[in-house]
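Q: One predicted model, sequence on top.
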Amino acid sequence: MVKVDEAIMGSKEPEEGRPFLQQSITRIDEGRQTLARRLELSDDERAYEKSEKVDVSIYNSPVWTQDDDRPAPFSWKKLWLFTGPGFLMSIAYLDPGNLEGDLQAGAIGGYSLLWLLMVATIMGLIIQIIAARLGVATGRDLAALCREEYPVWATLLLWIMAEIAIIGADIQEVIGSAIALKILSNGVLPIWAGVLITGTDGLVFLLLENFGVRKLEAFFGLLITIMALSFAWMFGEAMPDATAMLRGLFVPYVMANAVRQAVAVVGAVIMPHNIFLHSALVQSRSIDISRRSQVREAVRYFTIESCIALFVSFLINVCVIAVSGKAFYGTDIADTIGLANAGQYLQGYYGNKGLPILYIWAIGLLAAGQSSTMTGTYAGQFVMAGFLNFRVKKWLRATVTRCVAIVPTVIIALIFDSSEKELDQLNEWLNVLQSIQLPFALIPLLCLVSRERIMGAFKLEPLLQCVSWLIALLVLAINGYLLVDFYRHNIINTIPVLSVLLVSATVYIIFVLYLVLHAVYGDQSKIVSKNTLC
C-alpha cells in the first residue's frame, strides 16, 4: 500500500550553502519522485491501468522540455487531449434531480433565481477543480486516499455513506430515464420497465470503455449534445423575455415564496459521488507525478476544461429554468410541476409548433437520465475500488455496482409507478439523502488537499483554503436548512420517531466532528510519529 505521508519526507537537516526555499523545493521534488516510484511498485487497485491512459505528451512544444519548471506554452491541441473528464463530471449538474429543481425554480420564482444558479455553479466549479487537483497531484483518487489516511472503521463508514449517496442519486437518474421512456412510448412502457431498460443499457454502454477511454468520453459528449439541442429547441419555442432574464442573472433577489426553491438550487449543486468521480477521472491521462511541470500543466488544462464543461451545463440549466418560468410562473399549477407532468403541460402551453415539445422534453430528459446513471455506475466502481482495494475485473465490478443500485430502484418504481405526486415527494426524500451524505465527501476532500504532506507543492493556497471552506460551510448550512424544512413538512412527531431521529442525529454529528478533528490533529500526530521513528 502506498503511504503518501512518507512521500514528502526529505532530509531533516538543512544543507549548507543552499537557500532554504531551494532546499524545500528539492525535498518536495524528492518526495514526488518517491511517491511516483511507490505508485509504480504498488499492487493497489487503480482507477486506470497504465495501458488505459491517454498519452498527452504528443503535442509538447519543441522549445519546452518536461524538465522545465516554467509552465509550457498553451496549446489548443493539448487542451483537446485533456478534454473529457470535466464533461463527464458536469453531467451530475444536469441529472434529472437538477432538472426537476430547475422546473420548480422557474415555476415558483420565474427568472429571479438565475443569479443564484450562476453563483451555485461557480461554487461547484471551485470544489470540482480542487477534486481534480487532488487526483492529479497525488496520482490517487479521493476514496483511495481516505483508505490510507483514516482508520479502518472510519474508512468503512465513509464507504457505506458514499454507496448510499450513489444509490440515492441513481434512483433519481434511472426513474428520470424511465419517465422519459414512458412519454416516448405513449404510456406503453410503465416506470418499472423503463427502470430495467435503463439499468441494463447503461451497463452495456459502459462496455465502450473496452474500446478506449476516448470512445466512452465521446459517447458522453454525444449525450450532452442531445441535451443541449433539446433544451435549446425548447428555449427557442418559448422565447423568454431577454430583459427579464438578464435582470434575473445579475440582480440578486429572492421572492418570499421562492425561498425553498432558492435553497434547493444551491443545496443540489455539489453531489457527493461527483467529488469521488472527478478525482478519479483525471487519472485517465498519462502524467508523471514526479515532475512538477507535468502536474502543473495537467492542473491548468483540467481547470480550463472544467470551466468550459460547467459553463455548458449552466447554459442548459438556464434554458430549463427560463422555459419553466415563461410557461408556469404565476399560474395555478406552478406548485405541482415535476418531471412526470412538465412535458404534458408544456405541450398544452406551446402547442405543436414544429416538433411536439412533449417529445423534445422527453428526449432531453432521457439523455440526462441515461448519461447521469452511467456516470453514477462509473463513480460506484471507483468508490468500491478505492475504499476496499477491490481487485476484480472492471466488467464484474461494474455489474456488482449496477445491481446494488438497480434493485432498490425497481422496488421503488413498483411502489410509486402510478402517482406523479408521490414521485415528486420521493425526489424530495432523495435530495435530503444527498444533503445528509455531502459532509462525508466534502470534508475529507478539503482536509486532504490542504496538507503539504500529501499534496507537496500543490496543496491549496491559504486564500483558496479559506474560500473553499466558506463554500463548504455555506453549502452544509443550506443543506441543514433543507433537512429542517423537510422535517417540518414531512415527519410525524411521535415519541418513537423523535427517539430514532435524536439517536441518528447524535451519531451523525459525532462522526462529522471526528472528520473535522482528524483534519486538525490527525496530520500533526502522523508527522510527530514519523519524526520520532526517524
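A: Yep, that arrived.

Q: How about the contacts made by the residue most central in space within the chain?
A: In the chain, the C-alpha nearest the mean C-alpha coordinate belongs to Asn274, at 2.1 Å (Cα atoms, centre = their mean). Residues near Asn274 by Cβ atoms under 8 Å, 6 or more residues apart in numbering: 89, 92, 128, 375, 379. Every C-beta, even on glycine, is put in place using the N, C-alpha and C of the backbone.

Q: contacts for stretch 295-305?
A: So stretch 295-305 is contacted by 32, 56, 71-72, 78-79, 82-87, 129, 132-133, 136-137, 282, 285, 287, 289, 458 (Cβ under 8 Å, 6+ apart).

Q: In helices, which of those appear?
A: In helices, defined here by DSSP state H, the members of those are 32, 78-79, 82, 85-87, 129, 132-133, 136-137.

Q: what two of those residues are the furthest from one another?
A: With distance counted by Cβ to Cβ, no two of the ones in helices among the contacts of stretch 295-305 lie farther apart than Arg32 and Phe87, which are 28.5 Å apart.

Q: Can you flag the buried ones in the ones in helices among the contacts of stretch 295-305?
A: 32, 78-79, 82, 85-87, 129, 132-133, 136-137 (16 or more other Cβ atoms under 10 Å).

Q: The nearest residue to Gly97 once chain neighbours are set aside and Ser372, how far apart?
A: Nearest residue to Gly97, sequence neighbours excluded (Cβ to Cβ, 6 or more residues apart in numbering): Gln172, at 4.2 Å. According to Cβ to Cβ, to the nearest Å, Gln172 and Ser372 sit 8 Å apart.

Q: Just give me the residues shared between the contact sets of these two.
A: With Cβ under 8 Å, 6+ apart as the test, Gln172 and Ser372 both reach 95-96.

Q: how close does Ser279 get to Asn427?
A: In terms of Cβ to Cβ, Ser279 sits 27 Å off from Asn427.

Q: between those two, who's got more neighbours?
A: Counted by other Cβ atoms under 10 Å, Ser279 and Asn427 do not tie: Ser279 has more neighbours, with 33 against 23.

Q: What pLDDT does the model give the more buried one?
A: We note a pLDDT of 94 for Ser279 in this prediction.

Q: Next: the one 10 residues further on.
A: With respect to pLDDT, Ile289 has a value of 84.

Q: State the phi and psi torsions of the residue lying closest to it once chain neighbours are set aside.
A: Leaving aside its sequence neighbours, Ile289 sits nearest to Gly139 (Cβ to Cβ, 6+ apart; 4.6 Å). According to degrees, to the nearest 10, the main-chain angles of Gly139 amount to phi 70, psi 10.

Q: what's the span of stretch 247-263, first residue to last?
A: End-to-end distance for stretch 247-263, by Cα to Cα, to the nearest Å: 20 Å.

Q: Secondary structure element holding His253?
A: To be clear, residue 253 is Tyr; His isn't right here. Taking DSSP states H and E as the definition, one finds Tyr253 inside no helix or strand.

Q: Tell me who's in contact with it.
A: 112, 115.

Q: any idea how far Val266 is from it?
A: In terms of Cβ to Cβ, Tyr253 sits 15 Å off from Val266.

Q: repeat for Leu396
A: 38 Å.

Q: Please say which of those two ends up with more neighbours.
A: Taking other Cβ under 10 Å, Leu396 and Val266 do not tie; Val266 has more neighbours (22 against 10).

Q: is it true that the more buried one touches Leu116?
A: Yes. Val266 is in contact with Leu116 according to Cβ atoms under 8 Å; the separation is 6.4 Å.

Q: Am I right that Val188 is in a helix?
A: No. Using DSSP: H, G, I helix; E, B strand; the rest coil, the secondary structure at Val188 is coil, not a helix.

Q: Can you tell me, leaving aside adjacent residues, what's nearest to it?
A: Per Cβ to Cβ, 6+ apart, closest to Val188 is Lys182, 7.9 Å.

Q: so that neighbour makes contact with Val195?
A: No. Counting by Cβ under 8 Å, Lys182 stays clear of Val195, with 10.4 Å between them.

Q: out of those two, which sits in the busier spot?
A: Neighbour count, other Cβ under 10 Å: between Lys182 and Val195, Val195 has more, with 26 against 19.

Q: Sticking with the more buried one, tell me its helix or strand.
A: helix 191-206.

Q: List of residues touching that helix?
A: So helix 191-206 is in contact with 174-175, 177-182, 189, 216, 219, 369-370, 373-374, 377-378, 398-399, 402, 405-406, 409-410, 413-414, 416-417, going by Cβ under 8 Å, 6+ apart.

Q: Please check the residues you listed and keep the buried ones.
A: Buried among the contacts of helix 191-206 (16+ other Cβ under 10 Å): 174-175, 177-182, 189, 216, 219, 369-370, 373-374, 377-378, 398, 402, 405-406, 409-410, 413, 416-417.
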